[in-house]
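Chemist: build me a model:
(chains A and B)
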2 protein chains.
Amino acid sequence: MHAAHASVPHLLVIGGGFAGLWATRALARAPLRITLLDRSNHHLFQPLLYQVATAGLSAPDIAAPLRHILRGQGNVQVRLGEAAAIDAQARTVTLADGSVLDFDYLLLATGATHAYFGNDAWAAHAPGLKSLDDALHLRRRLLLAFERAESCDDPAERAAWLSFAIVGGGPTGVELAGTLAEIARHTLKNEFRNIDPAAARVRLVEAGPRVLATFPATLSDKARRQLERLGVEVSVGVPVTGIDAGGYRLGEEYVAARTVVWAAGVAASPLARALGVPLDRAGRVPVEADLSVPGYPHVFVAGDLAAVSRTDGSAVPGVAPAAKQMGRHVAAAMRARLRGRQAGAFAYRDFGNLATIGRMAAVVDLHGFRISGLLAWWFWLAAHVFFLIGFRNRLVVLLNWAWAYWSYQRAARIILGRDHDQAPPL
Amino acid sequence: MHAAHASVPHLLVIGGGFAGLWATRALARAPLRITLLDRSNHHLFQPLLYQVATAGLSAPDIAAPLRHILRGQGNVQVRLGEAAAIDAQARTVTLADGSVLDFDYLLLATGATHAYFGNDAWAAHAPGLKSLDDALHLRRRLLLAFERAESCDDPAERAAWLSFAIVGGGPTGVELAGTLAEIARHTLKNEFRNIDPAAARVRLVEAGPRVLATFPATLSDKARRQLERLGVEVSVGVPVTGIDAGGYRLGEEYVAARTVVWAAGVAASPLARALGVPLDRAGRVPVEADLSVPGYPHVFVAGDLAAVSRTDGSAVPGVAPAAKQMGRHVAAAMRARLRGRQAGAFAYRDFGNLATIGRMAAVVDLHGFRISGLLAWWFWLAAHVFFLIGFRNRLVVLLNWAWAYWSYQRAARIILGRDHDQAPPL
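Modeler: Numbers count the residues shown, from 1 in each chain, chains lettered A, B, ... in the order given. Coordinates of the predicted model:
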């Protein structure tokens, strides 16, 4: 396919997330032909995905077409497609449609997906949140639960429709729980005639001893109190032992709930297995210091798919800044290779940790500088809008947020798609 | 279910479109219990639906939750659900989930759906545009066609992916064709490496002698010339005689095209048949002068589902202003009935006819005051943004339009959902 330019090495980048896109952009002037392959046509600003799931933003507000972002970069061709198999030795990638792409260098940056820790049967009852399709599915589930409660005559069933559980007390679980409580208490106020949405039970369930475990304990405590003030019931220290269509089991207690959301764990994208190298327990690829794959110096892994240690031995977290830094490092390593030099070692620069909790509540930890509450929320908002790609998106997101802030309303409360869940038809 | 208020008559409104919603709002102070039943949770501003299909607007930009619109109207209960059967005699409606609603008065306002004139097999290959789900499906199809052309090595297949046909030269067909030509010529410029999107063939196919047949012939001519200037190939006077996965047949000519859009005809919602009264050829309900159903004075029909004649014998068109007027008339008729009086006859007030064609091109006919081109486009824009429900939506839509105007970009170029079409998997 690229025979005409056979003299220029071909870099295939799989995944247009933070790692893949940042690597691609940093190679704008490199003497390479780059193919960026993604199964979606857009780069997704994943940190705001929970806002699409909770009807605060529209899907296009937090996504931009990869083609459009890269239109001016002449050495890149964007290709929509799904990688099915990798032959690192033969340097080929086979797509789901059967076509084959060859490469001289490969960057695998396909990120992470939900993990149910061996309980795959839970997946059908507790959807997770990784893509825009996931977010729209979750939005439909959350909004339909209130609708079903409203048109339901049986008190027990109605209570089950108004019972929500979010499994996992990390940033995504905290964001979802806080926002869902706000929706129930404020957004839907006065809109129903048979139910009181504020009576909904929103429960955040964490098996570990505290929420936001990657934060200092004082901020975890503050987050918990802020959640409770928003109306979230926080359960820590007891694991979920079962999830089915009717509810979930917490330790020995069975709780009726028609809506359970999975925010408890991620595993590396299954494509990592295609490399044929040893993976860590989460399915990630332990990489060399320059982020290349052991035994395959022409193959790099970056982002959530890479298992990388910090100098103190702790793992580099699966967050957007780390993925961007890895992407840029792979670009630097590629440039060094093209000049015949050795690439340096990747060093993660940790700028701190932010998590939002809900309306006017967040926690921020910047190397000992710790804030929580309203000020932290403004800081979180500014950082996220600043990093959002594209001028228009920033403006629209700010507008939606300003509107939500003053009106308590949410702009995207639109149920899309037909409902193919286990729930009875409407 | 409403036993507690059994003394107050119960009006059941089916359909939260322009007719049903306007009737409901006009009865805010009437001594009635009103149930508004819709299978979607939102009112849809249908005149801008083509903008969602062509990636200019997000789905939530042109929709608002019915519950939210009516939250302050104490005599209304909104119910999400789909009517499956009507017994006008027994005064009951059975929903798809098996529950039964009884009524004293019924307003049936379920509008229209696509009609393939007996060629139901075409539906799978030529989707239409009536709901937000339709619009998102169409958006996916249109954007994927360019993606497939880009990754396709066979010249004939590539040309088929770049061949688009819009069947039907009414306002929807004209809007879609003009906007699609703009996307191909401007929006996607410089973004592909193997194809030139501007080489796409966008064809508008109308079986009748001219496009926009409800406008004066001079404006039809102007519209045609504006379409051609935007890059649309306009074919009139020859009917489509076949549509399959590979293309369409126009008269005797078979044209390879992987994307055919149906904008050629609508038929009344199939629920009309449930009334058991004679329908007209398009499946609409011929109503009495007060919009009630012959033989069932307690049942009204309004909007696209009603077959109503003007004083000169011509039919009231299926447009938003007519639906709103009918909705308000049914409200007035209901109020008269409740006071024991006879309701007056409905008279359609025709304010004129607008259609947009594409970037800076439109036609406007206000009873002899006829304009076209840029001025008509500004008039069309102002009218549509003004009538759009909700302050936030207006602002967001204006912002998106301003951005699209200056940048030639489209805000919602995001492919959502997995592709279950006849096309090969990516």
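Chemist: so, low pLDDT: which residues of chain A?
Modeler: Applying pLDDT under 70 to chain A flags the ranges A:1-6, A:391, A:418-426.
Chemist: and the closest residue to residue A:148 other than its chain neighbours, how far from chain B?
Modeler: Using Cβ to Cβ, 6 or more residues apart in numbering or on different chains and skipping the chain neighbours, the partner closest in space to residue A:148 is residue A:161 (4.7 Å). C-beta coordinates here come from the backbone N, C-alpha and C atoms, glycine included. Taking Cβ to the nearest Cβ, to the nearest Å as the measure, residue A:161 falls 12 Å from chain B.
Chemist: tell me, how many residues neighbour residue A:161?
Modeler: 24 (other Cβ atoms under 10 Å in any protein chain shown).
Chemist: wait, it sits on residue A:142?
Modeler: No: using Cβ atoms under 8 Å, residue A:161 is not in contact with residue A:142, being 11.0 Å away.
Chemist: who touches both of these two?
Modeler: residue A:259 (Cβ atoms under 8 Å, 6 or more residues apart in numbering or on different chains).
Chemist: residues contacting residue A:304?
Modeler: A:19, A:111, A:112, A:266, A:268, A:269, A:284, A:318, A:323.
Chemist: mind listing what the second one touches?
Modeler: By Cβ under 8 Å, 6+ apart, residue A:111 lies in contact with A:15, A:17, A:19, A:130, A:268, A:269, A:303, A:304, A:305, A:323.
Chemist: of the residues you listed, which pair is most distant in space?
Modeler: A:19 and A:130 (14.9 Å; Cβ to Cβ).
Chemist: among the contacts of residue A:304, which are in strands?
Modeler: Among the contacts of residue A:304, the members falling in strands (DSSP state E) are A:112, A:266, A:268.
Chemist: residues near the residue in the stretch 251-400 of chain A that chain B sits nearest to, how many?
Modeler: The minimum distance from the stretch 251-400 of chain A to chain B, using Cβ to the nearest Cβ, falls at residue A:392 (4.9 Å). Residue A:392: 19 surrounding residues under other Cβ under 10 Å.
Chemist: same question for the one 10 residues further on.
Modeler: When neighbours are counted by other Cβ under 10 Å, residue A:402 registers 11.
Chemist: cool, residue A:98 as well?
Modeler: Residue A:98: 9 neighbours (other Cβ under 10 Å).
Chemist: next, it: secondary structure please.
Modeler: Following DSSP: H, G, I helix; E, B strand; the rest coil, we place residue A:98 in the coil state.
Chemist: roughly how far does it sit from residue A:36?
Modeler: 20 Å (Cβ to Cβ, to the nearest Å).
Chemist: and residue A:248, which of the three is it?
Modeler: Relying on three-state DSSP, one would call residue A:248 strand.
Chemist: what about it, how many residues close to it?
Modeler: Neighbour tally, residue A:248, other Cβ under 10 Å: 23.
Chemist: thought residue A:244 was touching residue A:126?
Modeler: No: look at residue A:244 against residue A:126 with Cβ under 8 Å: they stay out of range, at 9.6 Å.
Chemist: tell me which of the two has more neighbours.
Modeler: Each of residue A:244 and residue A:126 has its neighbours counted (other Cβ under 10 Å); residue A:126 has more, 25 against 15.
Chemist: the more buried one: helix or strand, and which one exactly?
Modeler: For residue A:126, there is no enclosing helix or strand under DSSP states H and E.
Chemist: my guess is it contacts residue A:261, does it?
Modeler: Yes: using Cβ under 8 Å, residue A:126 is in contact with residue A:261, at 6.3 Å.
Chemist: which neighbours do those two share?
Modeler: Joint contacts of residue A:126 and residue A:261 (Cβ under 8 Å, 6+ apart) are residue A:167.
Chemist: if we can go back for a sec, list only buried entries from the contacts of residue A:304.
Modeler: Among the contacts of residue A:304, the ones that count as buried by 16 or more other Cβ atoms under 10 Å in any protein chain shown are A:19, A:111, A:112, A:266, A:268, A:269, A:284, A:318, A:323.
Chemist: which of those sit farthest apart?
Modeler: Distances among these were taken as Cβ to Cβ; the most separated pair is A:19 and A:266, at 14.7 Å.
Chemist: chain A: helices as residue ranges?
Modeler: A:18-26, A:49-53, A:66-69, A:132-150, A:155-161, A:171-182, A:217-230, A:320-338, A:374-387, A:391-407 (DSSP state H).
Chemist: centre of the chain versus the second one, how much separation?
Modeler: Remark: helix A:49-53 is offset 10 Å from the chain centroid, using Cα atoms, centre = their mean, to the nearest Å.
Chemist: using CSV, write out every CA atom in that helix.
Modeler: Taking Å, rounded to 0.1, in the frame of the first residue of the first chain, the C-alpha atoms of helix A:49-53 are listed here in CSV:
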residue,chain,number,x,y,z
LEU,A,49,-16.6,10.9,30.0
TYR,A,50,-18.6,10.7,33.2
GLN,A,51,-20.3,14.0,32.3
VAL,A,52,-21.7,12.4,29.1
ALA,A,53,-22.9,9.5,31.1
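Chemist: so who does residue A:295 touch?
Modeler: Applying Cβ under 8 Å, 6+ apart, the residues contacting residue A:295 are residue A:277.
Chemist: residue A:162 too?
Modeler: A:145, A:146, A:149, A:195, A:197, A:199, A:200, A:201.
Chemist: now the buried members of those residues.
Modeler: A:145, A:146, A:149, A:195, A:197, A:200, A:201.
Chemist: pretty sure the fourth one sits against residue A:149.
Modeler: Yes: shown here, residue A:195 and residue A:149 form a contact pair, counting by Cβ under 8 Å, at 4.9 Å.
Chemist: shared neighbours of these two, anything?
Modeler: With Cβ under 8 Å, 6+ apart, residue A:195 and residue A:149 have common neighbours A:158, A:162.
Chemist: quick one: contacts for residue A:75?
Modeler: Applying Cβ under 8 Å, 6+ apart to residue A:75 gives the contacts A:27, A:28, A:30, A:32, A:33, A:34.
Chemist: repeat that for residue A:255.
Modeler: When contacts are taken as Cβ under 8 Å, 6+ apart, residue A:255 is in contact with A:163, A:165, A:203, A:247, A:248, A:249.
Chemist: so who does the last one touch?
Modeler: In other words, residue A:249. So residue A:249 contacts A:240, A:241, A:242, A:243, A:255 (Cβ under 8 Å, 6+ apart).
Chemist: give me the nearest residue to the second one, chain neighbours excluded.
Modeler: Pointing back at residue A:241 there. In space, residue A:241 is closest to residue A:249, 4.7 Å off (Cβ to Cβ, 6+ apart).
Chemist: rewinding a little: I'd say the residue of the stretch 251-400 of chain A closest to chain B and residue B:413 touch.
Modeler: No: the pair residue A:392 / residue B:413 is not scored as a contact, 11.6 Å apart, by Cβ under 8 Å.
Chemist: got the residues of the stretch 251-400 of chain A near chain B?
Modeler: Within the stretch 251-400 of chain A, the positions adjacent to chain B are A:392, A:395, A:396, A:399, A:400 by Cβ under 8 Å from any Cβ of the partner chain.
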